[in-house]
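Asker: Model the following, please.
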Amino acid sequence: MTPERKARIEAVAACRQVDLTVFMEKVHKPHNVAAILRTCDAVGVMRAHAVPPTGGIPALNHTAQGAQRWVELVRHRDAASGLSALRQAGFRLYAAHFSERAVDFRQPDYTQPSAIVMGTEKFGVSEQTLEAVDGEIVIPMLGMTQSLNVSVATALILFEAQRQRQAAGMYKPRSLDESPWKELSESWIARDLARRKTAPESEPGSLADNQG
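Answerer: Numbers count the residues shown, from 1 in each chain. A predicted model of the protein is given here:
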């Protein structure tokens, strides 16, 4: 590994946001999951969450551009337990959902621990999950269509969260002597070294499969 590669990995790890995340409730199209993880990587999300659809999350395609190597994906057996764990960890839960009580997605304070809850491509967030969240957010639409693709909507919301956090100075690099940035950096470097010994650069990495 070159010094430049090591420095880049450490710099990215030092800016990871431990208290900003996405929770995907049965998002089943692999290109949407891949695109969401790619956006998570772009805005510095350390860890994403998902309730896999029936049959599990399929292998991710080229849309992810390797982002699955840099964003941990925690899988939960059901939305209730996954959201409960996030709430216990201090997260505010915001569901992207069109309703009378939904507020503009730019209104919440994403500098606080925040989880963006996204639902299935066809049906959105389930009624049971809506009862468990702290609020609903909506992206204003001026066209004939009533919604955006789930990965596009996620990107808009996450980049608004990034905007707020950058303004608040929350992307200042953390010391790699601190946890969890220390462990994250070390694991990335070790895995990158191992991967380079066993696979060509163009080969996609494997998807973390953790049970929540």
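
Asker: Okay, helices next: where are they in the protein?
Answerer: Using DSSP state H, the helices of the chain run over 3-14, 30-43, 79-88, 127-130, 150-167, 181-198.

Asker: winner for burial among these?
Answerer: Comparing the helices of the chain by mean neighbour count (mean count of other Cβ atoms under 10 Å), helix 30-43 ranks first with a mean of 22. Where C-beta positions appear, they are placed from N, C-alpha and C, glycine not excepted.

Asker: if we can go back for a sec, which of the helices of the chain sits closest to Ala96?
Answerer: helix 150-167 (5.7 Å; Cβ to Cβ).

Asker: Who are the contact partners of the closest residue to Leu93 other than its chain neighbours?
Answerer: Spatial nearest neighbour of Leu93, chain neighbours left out: Val133 (4.1 Å); criterion: Cβ to Cβ, 6 or more residues apart in numbering. For Val133, the contacting residues are Leu83, Leu93, Tyr94, Ala95, Val117, Val125, by Cβ atoms under 8 Å, 6 or more residues apart in numbering.

Asker: how about 7 Å then?
Answerer: Counting by Cβ atoms under 7 Å, 6 or more residues apart in numbering, Val133 touches Leu93, Tyr94, Ala95, Val117.

Asker: any chance of the residues you listed in CSV, plus pLDDT?
Answerer: Formatted as CSV, these follow (pLDDT from 0 to 100):
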residue, pLDDT
Leu93, 98
Tyr94, 98
Ala95, 97
Val117, 98
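
Asker: Specify which member of these is nearest to Cys15.
Answerer: Nearest to Cys15 among the contacts of Val133, counting by Cβ to Cβ, is Tyr94 at 22.3 Å.

Asker: what's across from that closest one in the sheet?
Answerer: Listed beta-bridge partners, Tyr94: Ile116, Gly135 (assigned using DSSP bridges).

Asker: Wait, His28 touches Val51, no?
Answerer: No: contact criterion Cβ atoms under 7 Å: His28 and Val51 do not qualify, at 10.5 Å.

Asker: more neighbours, the two?
Answerer: Higher neighbour count among His28 and Val51: Val51, with 23 against 17, using other Cβ atoms under 10 Å.

Asker: Just list the residues touching that one, thanks.
Answerer: Glu25, Lys26, His76, Asp78, Ala79, Gly82.

Asker: circling back to that earlier point, state the distance from the residue nearest to Leu93 to Asp192.
Answerer: Val133 sits 36 Å away from Asp192, taking Cβ to Cβ, to the nearest Å as the criterion.

Asker: Could you do Val103 as well?
Answerer: Taking Cβ to Cβ, one finds Val103 at 41 Å from Asp192.

Asker: what ranges of the protein fall below the confidence cut-off?
Answerer: Applying pLDDT under 70 to the chain picks out residues 54-67, 199-212.

Asker: can you tell me which residues contact the nearest residue to Glu72 once chain neighbours are set aside?
Answerer: Distance criterion Cβ to Cβ, 6+ apart; nearest residue to Glu72, sequence neighbours excluded, is Arg47 at 4.5 Å. Counting by Cβ under 7 Å, 6+ apart, Arg47 touches Thr21, Val71, Glu72, Val74.

Asker: What about these, which are in strands?
Answerer: Secondary structure from DSSP state E places Thr21, Glu72, Val74 of these in strands.

Asker: In TSV: those residues, plus distance to Thr198.
Answerer: Listed next are those as TSV, based on distance: Cβ to Cβ, whole Å:
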residue	distance to Thr198
Thr21	30
Glu72	21
Val74	25
